[in-house]
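> Generate coordinates for the sequence data below:
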Amino acid sequence: MSDFDEPIPVVVIDPGSGVFKAGRAGEEFPQHCFQTVVGVHKTFDESVIMKRKKKEIGKILSARDGTEAENGYAEQYVVGEKALEQRAELELSYPVERGNVQDWEQMEYIYEHVFLDLLEVEPEETFVLLTETPFTSRKSRETTAELLFEVFGIAALHIMQQPVLSLYASGRTTGLVIDSGDAVTHAVPVYDGYPLNHSIERLNLGGRDVTNNLQRILLERGVNLSTTSEHHFAREVKEELGYVSLNFDDDADWSSPESKFEKKFRLPDGQFITIGKELFRCTEIMFNPQLVGSEALGLHDMAFRAWESCEVDVRNGLYNNIVLSGGNTLFTNFKERITRDLCGKTNSYRPFRVYSDSLRQFSSWIGGSVMASMGTFEKYAVSFDEYQDHGSSIIHNRRM
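Coordinates of the predicted model:
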């Protein structure tokens, strides 16, 4: 990689299915977090939006200042919370589904918003460390490289796996990461900084599914939260009051009084609703997916199978280094439940030890910030010139 005379700024981008996180390397946590959603105006005319190429980024910047609005760079799309606020006038799209990009055009809008509106950087003078989920396809990784290099002309790119970065954020290079975000959950054994891909387990459930389950359970008692705005209200209830039961069968039993679990939540219109067992029933699907008709393994079974499939010597290093990451692990009692259930699956005298940082919803971004601040980052990143010489496939050849 060619040397640069001046230090090049590095930005870290963690494109989650539910929350998009971005900020400058070296910071303790991401400066910008927003819902991964794009809203396009219902009167949107595609003919006025030209395909953005590297040479046109300057025009976009000028248009943001109002000097070239006539060229068609009007704000036809809205990103993040602003889109949710204007949902009545917009068609909403969620471009990342279960950790995989489904709509690349919408992702282009999001990256433009990040580079130009939020971080206010010149992409051509910026290095990017990007996170990805396990099992991201080669094609998807190459398309990401093509988008960032060809449309935005970034100076350099490096891509790293989210659970590995979460482990680095905890100060470890060996451990078993249980990463649960908005739409997908993984159990990833990592040894000396390398993910053991043959042992990774995946569960297509996450925080969004917990929210949907809460909506369904509340509907059973006559509380209908089916619209988009009501879905976000249900998410607020889940995040503020939801928790994991340590004795689900006993707590959920009809003979256990509802009043024991009841809490009040204030609706946007000022009224209060009382919610009881729904608050732990909604989270139980992560440990018992059969409750929503899935045949997948629950979290503890999935994590145990990932651990058990490793070599004996590797397993010994994982016992005391199980790390939780992702916003869907923030529920009260989550750590205690996964620890108890894991320990109950082995006859060994050695207990599993589970660690959870209070900022674990940001852990993959934080790990990326640490890695991108290291002096070796430039060595492993793919430069714009290298991309031009070798094409997008070169992105697979660099691993820190």
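
> what's the burial count for Arg353?
Look at Arg353: counted by other C-beta atoms under 10 Å, it has 14 neighbours. To be clear about C-beta, it is placed using only N, CA and C from the backbone, and glycine gets the same treatment.

> For the nearest residue to it once chain neighbours are set aside, the count of nearby residues, please.
Ranked by C-beta to C-beta, 6 or more residues apart in numbering and with sequence neighbours excluded, the top spatial neighbour of Arg353 is Asn320, at 4.5 Å. By other C-beta under 10 Å, the residues close to Asn320 number 15.

> Could you report the separation of Asn320 from Lys263?
Counting by C-beta to C-beta, to the nearest Å, the gap from Asn320 to Lys263 is 36 Å.

> Ok, Leu116 next?
Applying C-beta to C-beta to Leu116 and Lys263 gives a distance of 43 Å.

> Quick one: end-to-end length of stretch 83-91, please.
9 Å (C-alpha to C-alpha, to the nearest Å).

> Gly16 reaches Thr36, doesn't it?
Yes. Counting by C-beta atoms under 8 Å, Gly16 sits close enough to Thr36 to count as a contact (6.1 Å).

> neighbour count winner among the two?
More crowded of Gly16 and Thr36, by other C-beta under 10 Å: Gly16, with 26 against 23.

> So which of Leu116 and Lys263 has more stuff around it?
More crowded of Leu116 and Lys263, by other C-beta under 10 Å: Leu116, with 18 against 14.

> quick one: that one is in a helix?
Yes. Assessed with DSSP: H, G, I helix; E, B strand; the rest coil, Leu116 lies in a helix.

> right, and the helix or strand after the helix or strand of the chain with the lowest mean pLDDT?
Here the helix or strand of the chain ranked lowest by mean pLDDT, DSSP states H and E is helix 57-64, holding a mean of 49. Note on helix 57-64: by DSSP states H and E, the next helix or strand toward the C-terminus is strand 77-79.

> That following strand packs against which elements?
strand 38-41, helix 104-112 (3 or more C-beta pairs under 8 Å, 6 or more residues apart in numbering; DSSP states H and E).

> how about 6 Å then?
Strand 77-79 sits against strand 38-41, with contacts defined as 3 or more C-beta pairs under 6 Å, 6 or more residues apart in numbering; DSSP states H and E.

> counting contacts, what elements does the strand it packs on pack onto?
strand 77-79, strand 90-93.

> So for the shortest one, mean pLDDT?
Think strand 77-79. Mean pLDDT, strand 77-79: 90.

> what's around the spatially closest residue to Leu267 that is not a sequence neighbour, how many residues?
In space, and not counting its chain neighbours, Leu267 is closest to Ile273: 6.2 Å by C-beta to C-beta, 6+ apart. Residues near Ile273, counting by other C-beta under 10 Å, number 13.

> Can you verify Ile273 is assigned to a helix?
No. Per three-state DSSP, Ile273 lies outside any helix segment and is strand.

> That one and Asp192, how far apart?
50 Å.

> Ok, Cys343 next?
25 Å.

> do the same with Arg353
19 Å.

> Then Gly39?
Distance, Gly39 to Asp192, by C-beta to C-beta: 44 Å.

> This completes my enquiry, with thanks.
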